[in-house]
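> from the sequence below, what's the structure:
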Amino acid sequence: MQNLFKKIKRKINWTIANLVSMGLILVLLGVLIVWTDFVLRLVMGLFVIVIAFAFFYLAHKIWWLKREVEKYFKL
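Model prediction:
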C-alpha cells in the first residue's frame, strides 16, 4: 500500500512540475503574441499542439493509474 501511494505521489509531483513549465512557456509565448503577426500564427499553432499533448499526457496518466490500481488489487 505504501509503495502505491509513493508512486502516485511521485507521479503527481512530476505532473505538477510539467504543468508549471508548460504554463511558463505559454506565458512567454503570450508576451510574444503582442509584438508580431507571424508570431501570433506560430503561437496559435503551437497552442493547438500543446493542448493535444496535454490530452495525450492526461490519457497516459489515467491509463497508468488504472494499471497500478489493477496491479495492486490483482484485478
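
> contacts for stretch 23-38 next, please.
Residues from elsewhere that reach stretch 23-38 (C-beta atoms under 8 Å, 6 or more residues apart in numbering): 39-40, 43, 46-47, 50. Backbone N, C-alpha and C define where each C-beta goes, glycine included.

> now, among those, which is nearest to residue 15?
residue 50 (15.0 Å; C-beta to C-beta).

> isn't that closest one right next to residue 19, touching?
No: Residue 50 is beyond contact range of residue 19, at 11.0 Å (criterion: C-beta atoms under 8 Å).

> just the buried residues of the contacts of stretch 23-38.
Buried members of the contacts of stretch 23-38, scored by 16 or more other C-beta atoms under 10 Å, are residue 43.

> from the contacts of stretch 23-38, which one has the minimum pLDDT?
Across the contacts of stretch 23-38, the smallest pLDDT goes to residue 39, namely 72.

> so that residue is in which element?
Here residue 39, judged by DSSP states H and E, is contained in helix 37-73.

> now do the buried residues in that helix.
Buried residues in helix 37-73 (16+ other C-beta under 10 Å): residue 43.

> find the nearest non-adjacent residue to the residue nearest to the spatial centre of the chain, please.
Nearest to the geometric centre of the chain sits residue 54, at 4.7 Å (C-alpha atoms, centre = their mean). In space, and not counting its chain neighbours, residue 54 is closest to residue 22: 7.4 Å by C-beta to C-beta, 6 or more residues apart in numbering.

> any idea how far residue 59 is from the one you found?
According to C-beta to C-beta, to the nearest Å, residue 22 and residue 59 sit 16 Å apart.

> so where's the chain shaky on pLDDT?
1, 34-35, 75 (pLDDT under 70).

> any idea how far residue 67 is from residue 3?
For residue 3 relative to residue 67 (C-beta to C-beta), the value is 14 Å.

> please apply the same query to residue 51.
In terms of C-beta to C-beta, residue 51 sits 25 Å off from residue 67.

> same question, residue 14
Residue 14 is 17 Å from residue 67, by C-beta to C-beta.

> equivalent analysis for residue 36, please.
Noted for residue 36: a distance of 45 Å to residue 67, by C-beta to C-beta.
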